[in-house]
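K.L.:
Return atomic coordinates for the entry below.
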Amino acid sequence: MKIKILIFLSALILSVSGSSSAEPEPGTISYCPQAASITIPAGSTATITVNIDIINADPTLTSFYLRPASQMTDGNLPLDWIRASPSWTFMSRGTAVGVVLSITVPTGTASGTYSGHLVSYAMASHGKPDPGKGINITVLVPVCSGAPEIRIDSFGPATLWPPDHSMESVTVSGVVTLPAWCSLAEVGYAIDDEYGIYSSFGPLSLLADKSFTLALPVEAWREGQDKDGRHYNITIYGKDEFGLGSSETLSVLVPHTRGK
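P.N.:
Model prediction:
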């Protein structure tokens with residue numbers, strides 16, 4: 001009988017000891033909202049904000065390491081389209097962290113619907129919280145409805161005189177307008193000098209409203225026997241993500257005779 005009692009007490013002690021050394025429950029990652037849908041043209045970026053929290057965690061766990069954009073668990077939405085800010089952070093149990101997700105659709109992406117569940121990774125001093133269901137992100141890449149257009153608002157001088165070899169600045173100002181759901185893949189200028197000396201090309205810098213001002217140096221001179229004068233052609237062009245584009249060409253003349 002004494003042997004049975006000793007065996008029972010030993011088992012009870014082991015049971016109590018085992019329960020006291022059990023690892024704390026690390027909890028589960030929660031997301032708010034649980035789903036987000038956004039329209040982003042190819043070549044553009046948009047953002048969404050999600051609040052991430054740790055729920056059902058043991059009270060003894062107070063601090064967690066969080067990496068918000070860990071992986072996509074399903075679907076066709078590429079993880080490399082998404083950047084999280086902050087990209088990682090420490091967080092406290094019961095205190096949600098606001099994370100901004102920047103989603104960039106690469107230039108040339110085919111129109112369509114891209115979706116998937118973005119899940120986070122977290123780690124506590126004891127164990128890793130379950131990633132949960134994640135946030136379901138749906139990105140609609142719409143069809144571009146046309147080509148960009150170039151609008152010239154001011155230009156000049158169109159005539160350079162006298163032909164004294166001086167360098168003059170020809171200024172072009174305007175705006176690039178985009179049809180719905182289109183993004184600008186390329187915008188630039190080209191200058192064609194009839195004599196081939198000042199021919200060049202390059203990118204065009206746009207302001208936030210897609211306006212521009214371009215100043216190009218040209219030579220006010222023409223050969224003496226050039227009866228129709230020296231011609232410069234300045235072209236402003238733009239292309240969308242599918243290669244559709246438009247252009248405007250302006251002419252500058254150094255005449256043979258003043259007034260002609």
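K.L.:
pLDDT value on the nearest residue to D192 once chain neighbours are set aside, please?
P.N.:
Nearest residue to D192, sequence neighbours excluded (CB to CB, 6 or more residues apart in numbering): N233, at 4.4 Å. For the C-beta atoms, the positions are set from N, CA and C on the backbone; glycine is no exception. The model reports N233 with a pLDDT of 98.
K.L.:
what do you get for L12?
P.N.:
For L12, the predicted pLDDT is 39.
K.L.:
Counting by contacts, list what the helix or strand where L253 lies packs against.
P.N.:
Using DSSP states H and E, L253 falls within strand 245-254. Applying 3 or more CB pairs under 8 Å, 6 or more residues apart in numbering; DSSP states H and E, one finds that strand 245-254 makes contact with strand 149-156, strand 166-177, strand 211-220, strand 230-240.
K.L.:
Deepest-packed of those, please.
P.N.:
strand 230-240 (a mean of 20; mean count of other CB atoms under 10 Å).
K.L.:
Can you list the strands that that one pairs with?
P.N.:
According to DSSP bridges, strand 230-240 forms sheet pairs with strand 184-193 (antiparallel), strand 245-254 (antiparallel).
K.L.:
So for A42, which of these sits nearest?
P.N.:
Closest approach to A42 among the strands paired with strand 230-240 is made by strand 184-193 (8.8 Å; CB to CB).
K.L.:
ok and that closest one relative to strand 149-156, angle-wise?
P.N.:
40 degrees (axes from the mean of the first three to the mean of the last three CA atoms, to 10 degrees).
K.L.:
Report the buried residues of strand 184-193.
P.N.:
Buried residues in strand 184-193, counted by 16 or more other CB atoms under 10 Å: 184-185, 187-189, 191-193.
K.L.:
which one of those residues is nearest A69?
P.N.:
Nearest member of the buried residues of strand 184-193 to A69, counting by CB to CB, is A185, at 26.3 Å.
K.L.:
residues touching that closest one, list them.
P.N.:
Counting by CB atoms under 8 Å, 6 or more residues apart in numbering, A185 makes contact with 43, 107-108, 239-241, 243.
K.L.:
For those residues, give me JSON lines that also has distance to D80 and pLDDT.
P.N.:
JSON lines is the format used below for these (distance: CB to CB, whole Å; pLDDT from 0 to 100):
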{"residue": "G43", "distance to D80": "15", "pLDDT": "82"}
{"residue": "T107", "distance to D80": "14", "pLDDT": "81"}
{"residue": "G108", "distance to D80": "15", "pLDDT": "79"}
{"residue": "K239", "distance to D80": "24", "pLDDT": "92"}
{"residue": "D240", "distance to D80": "23", "pLDDT": "85"}
{"residue": "E241", "distance to D80": "18", "pLDDT": "76"}
{"residue": "G243", "distance to D80": "23", "pLDDT": "82"}
